[in-house]
Every structure is written in C-alpha cells, then in structure tokens.
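Q: everything below, folded, please.
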Amino acid sequence: LEAAAALNRQGAKVTVLHNSPYLMNAQLNEAAAGLLQAHFESNGIEFILGAKTKEILLTNNQVNGVAFEDRGDLDADLVVMAVGVRPNLGLAHDSDLEVERGIVVDGGLKTNLPDVYALGECVQFEEQTFGLVAPVYDQAKILARRLCGLEGHFAIKPLATKLKVTGVDLFSGGDIRDLDHYTYATAQNPITGTYKRLSFDGDRLVGAILYGDVADGSWLFDLIE
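A: A predicted model of the protein is given here:
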C-alpha cells in the first residue's frame, strides 16, 4: 500500500490487486479496511479485491499486463509484488514430515518424526505460521530447554501492529477475529474519520483495532497481555 501511494504521488495510474476480500486482512476487520480503502480511492488508487491472478503477461520480455483466472486481463507497464513470508517446504515435502502450510509441530517444537524438531518461519503451530522475529525467539528458548531435558511449552502470544500507512494511523493488537463467543464494542466518528473496535472474551479484553486515532493503543495492548 505504501508502494501504491508512492507511485500514485509520482503520477502513475495505480491498481492494487489483493487476494483477500478486504485490505490488510491479517490486521484489520472489514469495517476498518473499508475506511482505509476509501482513503486510498479518494486519492485516485483503484482496487481489485478477491483477485485470483493467473500470470504476468509479457511481450518481448516486457511486462504488459496481468491475467486473472476469473476476469479479463489488466493492462500494466509495471508490476510490483509483495507476498510476505512463505515457508520453503521442499525438503520437508521430500521427507515423511507432516506438512500443511508449514511443518507441523507441537508445543515442544517436535515434528511427527522421532527426534526431529523444527522452529522458525518454516513451522506451523495451532494452524498458524510465523513471519515475525519475536515468536521465533520464543521457539528457540523453548527448544533449548527441551534439548537440555527441561520443561517448556511454546504458546502463541498476543501481537500488536502500529502502522502509519500514507497519513493514516492504524493499530491492531491481540485477537481480531470475528468469533461467535466474543462480544464487541465499536465506536465510529464520521466527522473525524476514526474507528475503534474492542473484542472481549467474557469480561477480558482480547483484541483491539484502532483507525485514525491510536493514542490508546499501548494501554489497550497492556490490558490484552
């Protein structure tokens, strides 16, 4: 999104393709993402969401567009890609390791094979993979304890993200999923353009999304932790 905004400021006609139904789906809910999208659209950036890209089109080794699985081609002189962290699972697939999105491990970082452990961005624990350094440090500590014959169990801790995306302040912390047993408190001010949603599990704060006003972010994350 920062790249899109920068190219837009330089006069390029920019279209953002995203495979999710809404922007920043790992950090925001649909309502906050809609506000962010409207902000970008007001600056002339277009979006294709739920995009199922098929290939980058070339003529004489020069980009001239993008093809989709379910719609017509999009003309383009330049394609900028951001794919995040994806585990390199080639070696794991060639062995008898259990692999889904990553190498599946338990709380002790043990795989399904005897005496084989895994940690880092290649692993999957409780259906999650890890692209940040903090949980990987925790995994290393737990595995070191296990190898020394001590007790230790890896657990997913709440994470917080504070971003300034092209003039818009965003904060996301804890568990922001829409779950049936959670309750939510939401406040939106169309005059100031701010949006806030707090997620509760019973009387316990478990997640927060702040758009436009993030002053309470650190305090809320302390409560979540």
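Q: Phe171: what's it in contact with?
A: Shown here is Phe171, whose contacts under the criterion C-beta atoms under 8 Å, 6 or more residues apart in numbering are Ala160, Thr161, Lys162, Leu163, Ala208, Ile209, Leu210, Val214, Gly217, Leu220. For every residue, glycine as well, the C-beta is placed using N, CA and C.
Q: give me the most central residue, this protein.
A: Nearest to the geometric centre of the chain sits Ala26, at 3.4 Å (C-alpha atoms, centre = their mean).
Q: using the three-state scheme, assign that residue.
A: In the three-state summary, Ala26 is assigned as coil, counting by DSSP: H, G, I helix; E, B strand; the rest coil.
Q: now the top helix by length along the chain: buried residues?
A: Among the segments of the chain that qualify as a helix by DSSP state H, the longest is helix 133-147. Counting neighbours by 16 or more other C-beta atoms under 10 Å, one finds that the buried residues in helix 133-147 are Pro135, Asp138, Gln139, Ile142, Leu143, Arg146.
Q: can you name the next helix or strand after it?
A: The element immediately downstream of helix 133-147 (helix or strand, assigned by DSSP states H and E) is strand 160-165.
Q: ok now the helix or strand just after that following strand, how far from the chain's centre?
A: Reading on from strand 160-165 to the C-terminus, the next helix or strand found by DSSP H and E is strand 168-174. A distance of 12 Å separates the C-alpha centroid of strand 168-174 from that of its chain, computed with C-alpha atoms, centre = their mean, to the nearest Å.
Q: can you give the strand pairings for strand 168-174, parallel or anti for each?
A: For strand 168-174, the paired strands and their directions (DSSP bridges) read strand 160-165 (antiparallel), strand 204-211 (antiparallel).
Q: worst mean pLDDT among these?
A: Lowest mean pLDDT within those: strand 160-165, a mean of 82.
Q: list the buried residues for that one?
A: Along strand 160-165, the positions that meet the burial threshold by neighbour count (16+ other C-beta under 10 Å) are Ala160, Val165.
Q: can you give me the helices in the chain?
A: Listed in chain order, the helices found in the chain under DSSP H are 2-9, 30-42, 90-93, 133-147, 217-224.
Q: pLDDT weak spots in the protein?
A: For the chain, no stretch has pLDDT under 70.
Q: neighbours around Ile176, how many?
A: 20 (other C-beta atoms under 10 Å).
Q: I should have written Asp180 there, sorry.
A: If we define neighbours as other C-beta under 10 Å, then Asp180 has 4 of them.
Q: mind starting the numbering at 783 from now?
A: Okay, residue one is now 783; in that scheme the one you just asked about reads as Asp962.
Q: how far away is it from Asp983?
A: Here the criterion is C-beta to C-beta, to the nearest Å. By it, Asp962 lies 11 Å from Asp983.
Q: ditto for Leu856
A: As defined by C-beta to C-beta, Leu856 lies at a distance of 42 Å from Asp983.
Q: ok, those two, which is more surrounded?
A: Under the criterion of other C-beta under 10 Å, the comparison of Leu856 against Asp983 puts Leu856 first, with 17 against 14.
Q: for the closest residue in space to the more buried one that isn't next to it in sequence, name its beta-bridge partners.
A: The shortest distance from Leu856 to any residue that is not its chain neighbour, by C-beta to C-beta, 6 or more residues apart in numbering, is 4.7 Å, and that residue is Val848. Taking DSSP bridges, one obtains Ile838, Leu856 as the residues bridged to Val848.
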